[in-house]
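Peer 1: How does the following fold in three dimensions:
(chains A and B)
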Number of protein chains: 2
Amino acid sequence: MAEYKSDIEIARAAKKKPIMEVGSKLGIPAEHLLPYGHDKAKISADFIASKRGGKDGKLILVTAINPTPAGEGKTTTTVGLGDGLNRIGKKAITCIREASLGPNFGVKGGAAGGGYAQVVPMEDMNLHFTGDFHAITTAHNLLSALIDNHIYWGNELGIDTRRVVWRRVMDMNDRALRGIVCSLGGVANGYPRESGFDITVASEVMAILCLATDLKDLQKRIGDIIVAYRRDKTPVYARDLKADGAMAVVLKDAMQPNLVQTLENNPAFVHGGPFANIAHGCNSVVATTTALKLADYVVTEAGFGADLGAEKFFDIKCRKAGLKPAAAVIVATVRAMKMNGGVKKEDLGKENVEAVRKGCANLGRHIENVKQFGVPVVVAMNHFVSDTDAEIAAMKDYVAGQGSEAILCKHWAHGSAGIEELAHKVVQLAESGSSQFSPLYPDEMPLFEKINTVVKRIYRGSEAIADKSVRDQLHQWEQAGYGNLPVCMAKTQYSFSTDPNLRGAPTGHVVPVREVRLSAGAGFVVAICGEIMTMPGLPKAPSSERIFLNEMGQIEGLF
Amino acid sequence: MAEYKSDIEIARAAKKKPIMEVGSKLGIPAEHLLPYGHDKAKISADFIASKRGGKDGKLILVTAINPTPAGEGKTTTTVGLGDGLNRIGKKAITCIREASLGPNFGVKGGAAGGGYAQVVPMEDMNLHFTGDFHAITTAHNLLSALIDNHIYWGNELGIDTRRVVWRRVMDMNDRALRGIVCSLGGVANGYPRESGFDITVASEVMAILCLATDLKDLQKRIGDIIVAYRRDKTPVYARDLKADGAMAVVLKDAMQPNLVQTLENNPAFVHGGPFANIAHGCNSVVATTTALKLADYVVTEAGFGADLGAEKFFDIKCRKAGLKPAAAVIVATVRAMKMNGGVKKEDLGKENVEAVRKGCANLGRHIENVKQFGVPVVVAMNHFVSDTDAEIAAMKDYVAGQGSEAILCKHWAHGSAGIEELAHKVVQLAESGSSQFSPLYPDEMPLFEKINTVVKRIYRGSEAIADKSVRDQLHQWEQAGYGNLPVCMAKTQYSFSTDPNLRGAPTGHVVPVREVRLSAGAGFVVAICGEIMTMPGLPKAPSSERIFLNEMGQIEGLF
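Peer 2: Numbers count the residues shown, from 1 in each chain, chains lettered A, B, ... in the order given. Next up, the predicted model:
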């Protein structure tokens, strides 16, 4: 039976169409498709520019409840819905993020979807893909090298070596690089100072690439990056190091969206992958806006649960790119409801209707939240074989009580055939024109008030608190002209609060803002609430130990 | 006039053929060519395997005199000769190295050839190309992360943290990373220790990729890498960390040769680029051996002058891969002879026949040396407009006196039409069957004696000297079973001696071996004679400051 094949077996059995054919069906001429192998292609900047001013399709956001160890299947549902819309006769494109390479060697790699709702080629997408992340790593580290080189040659800009905020990056889980002292070894190697590495997806260059509208905008934003401060605390920009031109050159190809296909040969754009905590966690603006010119429906997802992912999608990506989502899908599962209702992972196989009902509070909160942005909502219940009829009914009832509808989806097992009902519902919502999207807060609101607005209206906390130094920093940035930026909240994805163990729908909690960071190039202020790790480590028995090429030259152990 | 166009202008005006067409002319079916854009492709492992056992074409090495600031044009001549052989009706493939990305941001980037003898696409080849170097960086740093991760989780293998010899790499000129202390910041980040970064081309992974015969051999060699020693000085291998499988997976695509084309639409393989001092400095074995199955003639080059480049090509690459070069071309110029004859760079424009005659000693020494390997030699005089008839005649006379022939080549200005005579001469030498190639020393010779053999017979020094610790180290390796490896000399490329200012053909100098390193995976012992820099820095005004995208989206300042 289909259900018993692994993701990788299904992916390997995929009958992929030549990518030029997939692109041609979207109306992209061959000369504007730059192939990477026969199953991946980049779309040329000229073609994208030629579509400017054209009519846009409808944008559908797929988001989720707070993630649980049970797994919700947000990407799987995003891919499945794209296939489902194509199945019911709509021209639809799925837009998702690229995967980071480094973490694959730590724990079993993340596929792009699962079951019969996957994007292929899976192996490439979990390895180098089209090289975008390598280009981002290179551009980032070029800037890092230019900073130390500038200091080495006399430091004309007066950089305070204690206040260099631009670190280095690597697409690798390497805890040994979190904190380093560099420039050791004597006169020829520069002035020793403390620094460190983050993982590439945490680079501001990644966030910039995902928010820039074209190469010109990319270069402008790179120039705006603050790399260091002087003794008098005035900022030094990437532009001051004349780094912006060369960095844009390094990113020239990475800026172009990647076209791949689903198992059902429908088009998917896979482009960009910023962190969902210290950055906004969505695929690139250029992929989404290009897809909107080429399709009736564009299905995209946001990182983590709706409290973080959807809020940033709306308040950062949509605000900045002028996007108007037509509908949102919140992915949830009976199993996750049960976990939110207090059931332990090992007991998930047993029917427990009461726990489902209790756990639905988390889902209800997310429904309310998304509606606050003026976007109509439908709930996708990603089906597991262990779900019982009574549990499913309890969840449907609850959602109906919230004024929305929960639809059972079996795309994992049956592909597009299993998600037709959701596709029809999404079309109905989108065509109804009921979306009245607007961001949560206006640009003009002071920065700390923006943070407080998210805390109160989305997290339902009593208030955001912060030391004077944090508030003073925000004031300084407001005075320097950064007050109109949106805020990017970095908080645990597991709870509405800052306590990852507090499931359900808590209220009245205090949200402490420990630190704020200015991503002047990307165009947001990061508010850090809790421990945020920007360079992961590897586990005791890393999955790299089990990754190898088999006798047929196929990759084993990556998935 | 053609002569007055810049390399980049000529490259941009190139009428490239679709790479699938270039590959098809070589008999490579479309399904075995993995395109990267429309002008680059990788050749599949299956296709390469299918050619095993077939007839080989003739291998021609292009090498040179010791480099001078005047520039000799070795790559230009390699590309020109490939075109010239095609012009006179031979099926020929040019095999050259890939360029390192990092150095492009320091000084004006190196093109692949020059004038009308270039390989295109030039921009891509100086940037990410097909991502091979990024894959090597990733594979190398994965191993680095696994070492510190192993120590962090309890160090079961008993690695002495003071004796970790595997550093990290980055494809960037970044002197601040030469010496670092890593794992700072407390318990969660591991055990602080000294380490550092080299540039990617200096990675042993690069040397391994360039010497491996296929993916299986690649994985085996990776497993053989020595990453650290225990307190008792026994080695810890990459295999002990179970890193070899995952590293081979990361390098799966990078292992496949890249097909591009010359300005005249002839095929060129551009693959691999190991350092020419601490490694062997040749393009990959897999590219060369594959090209030999597909063409009558394969023209390839070796790094630096013949004392380093050709010696390593013969003693490492040819020995290990079982290659039998049919002829060698030594590139020299009238200008370089004059510089070797004592003329300053600013006086190169003035005729000076006497200086040409005097400087020819350097060329004569290289001719003698190459002949020692049993390979017939012809000299390519790469023409400059300032060369006078009398100077050219003096050089030709000198070479004739050495029992060889010097042929004037004008490929830079005229493409293949300017190098026909050389092409005919190369064919004559190769077809004559006069090559009796054999390496300089047998595998069984003790390591220090191998070093001494190169010093005496190639560098014409009186002897190699080394501290007892160095000699003891070599003995230890011999006892551990590494005595049969060839030696890889790391010495200045500017002189036969270790003094870069000693031009011409010195004799009787002593060559001090400061340090030896074992590249157990690549399969050679490196003898370091003098200062060797494995992580370059950037200049005061790095070229990155002048690199940008122009209004047409073209890259400016990279060349």
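Peer 1: pLDDT weak spots in chain A?
Peer 2: Applying pLDDT under 70 to chain A flags the ranges A:1-3, A:109.
Peer 1: Using the three-state scheme, assign residue A:504.
Peer 2: Secondary structure state of residue A:504, per DSSP: H, G, I helix; E, B strand; the rest coil, is coil.
Peer 1: So what does it look like in phi/psi?
Peer 2: phi 80, psi -140 (degrees, to the nearest 10).
Peer 1: OK, contacts around the residue in the stretch 201-350 of chain A positioned nearest to chain B?
Peer 2: Nearest residue of the stretch 201-350 of chain A to chain B, counting by C-beta to the nearest C-beta: residue A:245, 3.0 Å away. Placement of C-beta: from N, CA and C, glycine included. By C-beta atoms under 8 Å, 6 or more residues apart in numbering or on different chains, the residues touching residue A:245 are A:219, B:544, B:545, B:546, B:547, B:548, B:549, B:557.
Peer 1: for those, which one is nearest residue B:378?
Peer 2: Closest approach between these and residue B:378, by C-beta to C-beta: residue B:557, at 37.6 Å.
Peer 1: wait, residue A:336 sits on residue A:69?
Peer 2: No. The criterion here is C-beta atoms under 8 Å, and residue A:336 misses it with residue A:69 at 9.1 Å.
Peer 1: Looking at those two, which is more packed in?
Peer 2: Taking neighbours as other C-beta atoms under 10 Å in any protein chain shown, residue A:336 and residue A:69 compare with residue A:336 leading, 29 against 11.
Peer 1: Which helix or strand contains the more buried one?
Peer 2: Using DSSP states H and E, residue A:336 sits in helix A:334-340.
Peer 1: So which other helices or strands are in contact with that helix?
Peer 2: helix A:353-372, helix A:389-401 (3 or more C-beta pairs under 8 Å, 6 or more residues apart in numbering or on different chains; DSSP states H and E).
Peer 1: What helix or strand is the residue of the stretch 201-350 of chain A closest to chain B located in?
Peer 2: Per DSSP H and E, the secondary structure element for residue A:245 is helix A:244-250.
Peer 1: Past that helix, which element shows up next along the chain?
Peer 2: Per DSSP H and E, the helix or strand that comes after helix A:244-250 is strand A:258-262.
Peer 1: Can I get the helix holding residue A:245 in PDB? Just the C-alpha atoms.
Peer 2: Extracted as PDB, the C-alpha positions of helix A:244-250 are listed here (Å, rounded to 0.1, in the frame of the first residue of the first chain):
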ATOM      1  CA  ASP A 244      28.000  46.400  -1.700                       C
ATOM      2  CA  GLY A 245      28.900  46.100  -5.400                       C
ATOM      3  CA  ALA A 246      31.000  43.000  -5.100                       C
ATOM      4  CA  MET A 247      28.500  41.400  -2.700                       C
ATOM      5  CA  ALA A 248      25.700  42.000  -5.200                       C
ATOM      6  CA  VAL A 249      27.900  40.400  -7.900                       C
ATOM      7  CA  VAL A 250      28.400  37.400  -5.700                       C
END
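Peer 1: Okay, buried residues for it please.
Peer 2: Of the residues in helix A:244-250, A:244, A:245, A:246, A:247, A:248, A:249, A:250 count as buried by neighbour count, 16 or more other C-beta atoms under 10 Å in any protein chain shown.
Peer 1: Could you check how far it is from the centre of its chain?
Peer 2: Here the centre of helix A:244-250 is set off from its chain's centre by 24 Å, with C-alpha atoms, centre = their mean, to the nearest Å.
Peer 1: just to revisit the earlier point, kindly reformat the buried residues of helix A:244-250 as TSV containing distance to residue B:31.
Peer 2: Output for the buried residues of helix A:244-250, formatted as TSV (distance: C-beta to C-beta, whole Å):
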residue	distance to residue B:31
A:244	41
A:245	40
A:246	37
A:247	37
A:248	36
A:249	33
A:250	32
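Peer 1: Contact partners for residue A:287?
Peer 2: A:95, A:257, A:258, A:269, A:270, A:271, A:272.
Peer 1: no, scratch that, I was asking about residue A:305
Peer 2: So, once contact is read as C-beta under 8 Å, 6+ apart, residue A:305 ends up touching A:63, A:64, A:65, A:66, A:67, A:366, A:493.
Peer 1: and what of residue A:205?
Peer 2: Residue A:205 neighbours (C-beta under 8 Å, 6+ apart): A:136, A:139, A:140, A:143, A:222, A:225, A:247, A:251, A:521.
Peer 1: need these in CSV with distance to residue B:20 and secondary structure, can you?
Peer 2: Below are the contacts of residue A:205 laid out as CSV (distance: C-beta to C-beta, whole Å; DSSP: H, G, I helix; E, B strand; the rest coil):
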residue, distance to residue B:20, secondary structure
A:136, 29, helix
A:139, 31, helix
A:140, 34, helix
A:143, 37, helix
A:222, 35, helix
A:225, 40, coil
A:247, 32, helix
A:251, 27, coil
A:521, 39, coil
